[in-house]
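Asks: curious how this folds, go ahead:
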Amino acid sequence: MKPAAMTARHILLMLALCCLAPLAAMADPAADVEQILRDIRQDEPVPQRDDLRRVASINADCAYFEGEYRGIRITVETHPNSSRVASLLLQIPGPDQTRQILPAVARVLGSPQASDPKHAVYGWEWAAYRTASLHYAPGADGQAGFTIVSLFYR
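Replies: This next block holds a predicted model:
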């Protein structure tokens with residue numbers, strides 16, 4: 001083979017790998033959601049994660065963190081005057097993935113106490129006003145929306 005042809009093949013291979021790498025990173029959002037839910041636990045201190053950064057707080061005396069892990073947007077808020085997680089919000093852009101993600105969420109949180117599969121809505125409730133939901137929020141004007149996993153106090 002000529003060196004020029006070999007170089008062109010290498011360039012094409014590198015371009016293909018660069019284009020496919022982001023897709024491979026988002027290949028298993030269910031496993032990624034499960035990992036995040038295991039790492040960031042309600043009422044535990046906010047863990048040190050490279051993908052979380054502290055940002056301006058919305059509520060007084062609470063710390064607020066944002067980040068992104070393999071295409072999943074992460075938002076964490078602490079209890080007032082505490083480093084303990086009060087709420088966790090995960091947003092997965094694109095089409096509805098609730099059915100694919102539900103088994104991973106259930107492995108961490110247990111089976112949902114409420115479900116409406118037709119409308120892609122699942123819910124959990126525990127003592128002390130803790131609650132969680134998994135649902136799909138469609139986008140406006142036919143655009144893709146977000147699959148949402150949220151844990152919070154009601």
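
Asks: which SS class is the residue nearest to V121 when sequence neighbours are not counted?
Replies: Leaving aside its sequence neighbours, V121 sits nearest to H135 (CB to CB, 6 or more residues apart in numbering; 4.5 Å). No exception for glycine: its C-beta is placed from N, CA and C like everyone else's. Three-state call for H135 (DSSP: H, G, I helix; E, B strand; the rest coil): strand.

Asks: what's the neighbour count on H135?
Replies: 17 (other CB atoms under 10 Å).

Asks: residues in contact with it?
Replies: T98, H119, A120, V121, Y122, T147, I148 (CB atoms under 8 Å, 6 or more residues apart in numbering).

Asks: tell me the spacing between it and I74.
Replies: Using CB to CB, to the nearest Å, H135 is found at 17 Å from I74.

Asks: how about W126?
Replies: 21 Å.

Asks: pull the contacting residues for L102.
Replies: P112, Y122, L134.

Asks: D32 contacts Y69, doesn't it?
Replies: Yes: in this structure, D32 is within contact of Y69 by CB atoms under 8 Å, at 6.2 Å.

Asks: follow-up on the earlier one: among the contacts of H135, which one sits closest to A60?
Replies: For the contacts of H135, the closest approach to A60 (CB to CB) belongs to I148, at 25.2 Å.

Asks: the helix or strand bottoming out on mean pLDDT in the chain: what's the following helix or strand?
Replies: None of the helices or strands of the chain scores lower by mean pLDDT, DSSP states H and E than helix 3-25, at a mean of 53. Sequence order places helix 29-39 as the next helix or strand after helix 3-25, per DSSP states H and E.
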